[in-house]
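# whatever this is, show me its structure:
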Amino acid sequence: MPTRFEQIVALAHDRRDIRLHAHLRHDVGLVRFAPPVIELNIAPAAPRDLASRLAAMLEQETGRRWTIAVSTEPAALSLAAAEEQEAANAHQHASQHPLVQAVLAAFPGARIEALHRPEPHPSVSTDDDGMPHDPSNDPAFDPSLDQEYS
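Below is the predicted model:
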């Protein structure tokens, strides 16, 4: 049984129900998820039978009857809108990084086209932003201990 709304959306994708998948990603805000009850705020542009199609798919997949309640209560962003917001936040965060600012300053007209999160090399420690760890940002860093001795 799905334990998260994202798993239900993935299930629609795996079943190749592209219309249902697209509407769940773009036109639905989750209000409450308590299987086998799901409360959704559905955009007016979505088809009227979206809730019943979702309930039928879930019943067929799980063998349980599901209740899909349509609500006007405030909801979470749609999955697509949340991904767009996350991408915008990541772009903003990256553009404020000193290395990125230095590159943009050195190359007038340059811009950030895309962001990628490479897997860090096991021997490189990284900060929360995925960039290599800078020990000078560590409050416990003592530069007097980082001197070469001859």
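# list the residues that contact the residue nearest to residue 1 when sequence neighbours are not counted.
Closest residue to residue 1 apart from its sequence neighbours, by CB to CB, 6 or more residues apart in numbering: residue 62 at 5.4 Å. For glycine as for every other residue, the C-beta is placed from the backbone atoms N, C-alpha and C. By CB atoms under 8 Å, 6 or more residues apart in numbering, the contact set of residue 62 is 1-2, 36.
# give me that answer again for 10 Å
Residue 62 is in contact with 1-2, 11, 35-36, counting by CB atoms under 10 Å, 6 or more residues apart in numbering.
# let's verify the residue most central in space within the chain: helix, strand, or coil?
Central residue of the chain (CA atoms, centre = their mean): residue 83, 4.6 Å from the mean position. In three-state terms, and counting by DSSP: H, G, I helix; E, B strand; the rest coil, residue 83 is helix.
# measure it to residue 59 for me?
Between residue 83 and residue 59 the computed distance is 28 Å (CB to CB, to the nearest Å).
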